[in-house]
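Student: what shape does this take:
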Amino acid sequence: LESSHPDRKPVWLFLLSTRLREEEMVFLRWENIDLERGAVYIRKNAEWEPKTDAGVRTIPMTEDVRRILNGISSRDGWVFINSRGGQRKNNLYRDFKKDVRKAFPEMPNDEFMKLDLHALRYTFVTELIASGVDPKTVQVLAGHSDIATTLSIYADCRIDRTADALARLPWSRDNFVTSI
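Tutor: Residues are numbered from 1 along each chain as shown. Have a look, this model is predicted:
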């Protein structure tokens, strides 16, 4: 994020901090923001509707998100607008790729080509899981209609985590012998 273009850095941080899908951010309107209560409401509007009923949700705001939103001068219509005042949607993918390439010039081309804005959402959701947040809460925050989606796509199992899980069992605490 540090090497991102100054106009785009808040967009990337917002996506990373809210785990919104790209289209949820693009179609976010000011009427769905409550700065006082610290909430972002993902709701259907005239131009867009969530993929599933689970996509209709309330996202708690972090201080970073509040700071980003407070830094936006226009409070009418779309939250994120382009330089001409229109909906910011056309060049998000291209701009994201530019900023990633600038930040990671040594990234192999095959990895670079796979990256898209969903990487920010993936990062957030996998970090929630890795931090020990229970899967049901992660499912709700991500707006997944089925917990299987959350677990099959975002919950990578690592050997060090399996050893830690076994060590939590009462009968394993004193006799667990691994150096993994």
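Student: which SS class is the closest residue to Lys44 other than its chain neighbours?
Tutor: Closest residue to Lys44 apart from its sequence neighbours, by C-beta to C-beta, 6 or more residues apart in numbering: Pro50 at 6.6 Å. For the C-beta atoms, the positions are set from N, CA and C on the backbone; glycine is no exception. Applying DSSP: H, G, I helix; E, B strand; the rest coil to Pro50 yields a three-state assignment of coil.
Student: counting neighbours, what do you get for Pro50?
Tutor: Here the number of neighbours of Pro50 (other C-beta atoms under 10 Å) works out to 18.
Student: ok, now how distant is the spatially most central residue of the chain from Arg57?
Tutor: By C-alpha atoms, centre = their mean, the chain has its centre lying nearest to Arg19, at 2.1 Å. Remark: distance between Arg19 and Arg57 (C-beta to C-beta, to the nearest Å) = 10 Å.
Student: repeat that for Asp110.
Tutor: Applying C-beta to C-beta, the value for Asp110 to Arg57 is 35 Å.
Student: so between the two, which is more surrounded?
Tutor: For the pair Asp110 and Arg57, the greater number of neighbours falls to Arg57 (16 against 7), based on other C-beta under 10 Å.
Student: from what I see, the more buried one and His144 are in contact.
Tutor: No: Arg57 is not in contact with His144 according to C-beta atoms under 8 Å; the separation is 10.1 Å.
Student: look up phi and psi at the residue nearest to Lys44.
Tutor: Here is the backbone geometry of Pro50 (degrees, to the nearest 10): phi -60, psi 160.
Student: report pLDDT for it.
Tutor: We note a pLDDT of 90 for Pro50 in this prediction.
Student: next up, the contacts around it.
Tutor: Residues near Pro50 by C-beta atoms under 8 Å, 6 or more residues apart in numbering: 24, 42-44, 56, 143.
Student: give the contact list for Phe112.
Tutor: Contacts were defined as C-beta under 8 Å, 6+ apart; by that measure Phe112 touches 97, 100-101, 104.
Student: flag the shaky bits of this protein, pLDDT-wise.
Tutor: Counting by pLDDT under 70, the chain has low-confidence residues at 90, 155-180.
Student: who wins on neighbours among the contacts of Phe112?
Tutor: Ranked by the number of neighbours (other C-beta under 10 Å), those place Val100 first, at 19 neighbours.
Student: now the helices: where do they sit in this protein?
Tutor: Secondary structure of the chain (DSSP state H): helices at 9-18, 22-26, 63-70, 92-103, 109-114, 118-130, 135-142, 147-149, 159-167.
Student: alright, calling it a day.
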